[in-house]
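Trainee: Provided below are the primary sequence and the corresponding predicted coordinates.
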Amino acid sequence: MTLCVALLGGSFDPVHNGHVALAALFANLLHPDQLRIVPAGNPWQKNRLQASAQERVDMLELAFKAAALPVVLDCQEIERGAPTYTIDTLRNVRAELGPQASVVFLMGADQLLHLDSWRDWRQLFGYAHIGVAGRPGFTLAEAALPAAVAHELEQRLAPLAQLRNTPSGLAYLAHDFAVDISATQIRAALQRGENAHSLIPPVVLDYIQQHNLYKS
């Protein structure tokens, strides 16, 4: 049986129910031997993060423990201390796990819209498969998707069993993901003093309030 490791990266500023649901979806679909959460250090496409690296790690630990979803936190991007690129992270994971392991990089459909702006995005497939949580009714042929990205993924679509048992180069689109939450939306609600309890795990909301995060 091939070792299978799934990775979910992101700023997690803060971690929310959408992140947890996406991880749980692929944990149930793929049954990976390990589910890794990779918090970004200094993501080059985003403005400065509001929560510190330690606060984001703390919130991730709380969220996934509360969800009873066993994960491993991989903090290599935080430890890198320079702008973080997914291609570098996947190279490191591949070097660590060897050429035979199945590596599946997870993302939401919204990230596909900008995939062609990522550094060396086509080379990602040389190191990992890509698992996409699509919204209901979402297809790769959607006009909003960059043509190059849609073309690349359509050629690589494969069943889960094939991703599970081969090292890299394929794509899977999960159509039954109906959670639509953004960290930007949550931060804005918290700044306005609105209740965000339906969007964030309660333990994370408690942590945010205790540490006075996202107030301004």
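Mentor: Looks like it came in fine.

Trainee: Now the element after the helix or strand of the chain with the lowest mean pLDDT, going C-ward?
Mentor: Lowest by mean pLDDT, DSSP states H and E among the helices and strands of the chain is strand 42-43, with a mean of 66. Next in sequence after strand 42-43, counting helices and strands by DSSP states H and E, comes helix 53-66.

Trainee: gap between Phe26 and Ala178?
Mentor: Note on Phe26: its distance to Ala178, by CB to CB, to the nearest Å, is 15 Å. For glycine as for every other residue, the C-beta is placed from the backbone atoms N, C-alpha and C.

Trainee: So between these two, which is more surrounded?
Mentor: Between Phe26 and Ala178, Phe26 has the larger neighbour count (other CB atoms under 10 Å), namely 23 against 10.

Trainee: Quick check: the more buried one touching Val132?
Mentor: No - applying CB atoms under 8 Å, one finds Phe26 not in contact with Val132, separated by 9.8 Å.

Trainee: shared neighbours of these two, which are they?
Mentor: When contacts are counted by CB atoms under 8 Å, 6 or more residues apart in numbering, the set common to Phe26 and Val132 consists of 106, 174.

Trainee: Low-confidence ranges, the protein, go.
Mentor: The model of the chain has pLDDT under 70 over residues 42-47, 136-143, 216.

Trainee: which residues of it fall in helices?
Mentor: Assigned by DSSP state H, the chain shows helices spanning 17-30, 53-66, 76-80, 86-97, 109-112, 147-156, 160-165, 183-191, 202-210.

Trainee: Adding distance to Ala174, write those out as CSV.
Mentor: Shown next, in CSV, are the helices of the chain (distance: least, CB to CB, whole Å):
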stretch, distance to Ala174
helix 17-30, 6
helix 53-66, 19
helix 76-80, 24
helix 86-97, 19
helix 109-112, 9
helix 147-156, 13
helix 160-165, 9
helix 183-191, 21
helix 202-210, 24
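
Trainee: so which of the ones you listed comes closest to Gly126?
Mentor: Shortest distance between Gly126 and these, using CB to CB, is found for helix 86-97: 8.5 Å.

Trainee: In the closest one, which of the residues would be classed as buried?
Mentor: The neighbour-count check on helix 86-97 (16 or more other CB atoms under 10 Å) flags 86-91, 93-94, 97 as buried.

Trainee: Repeat that for stretch 196-216.
Mentor: Buried, per 16+ other CB under 10 Å, within stretch 196-216: 196, 199-201, 204-205, 207-208, 213-214.
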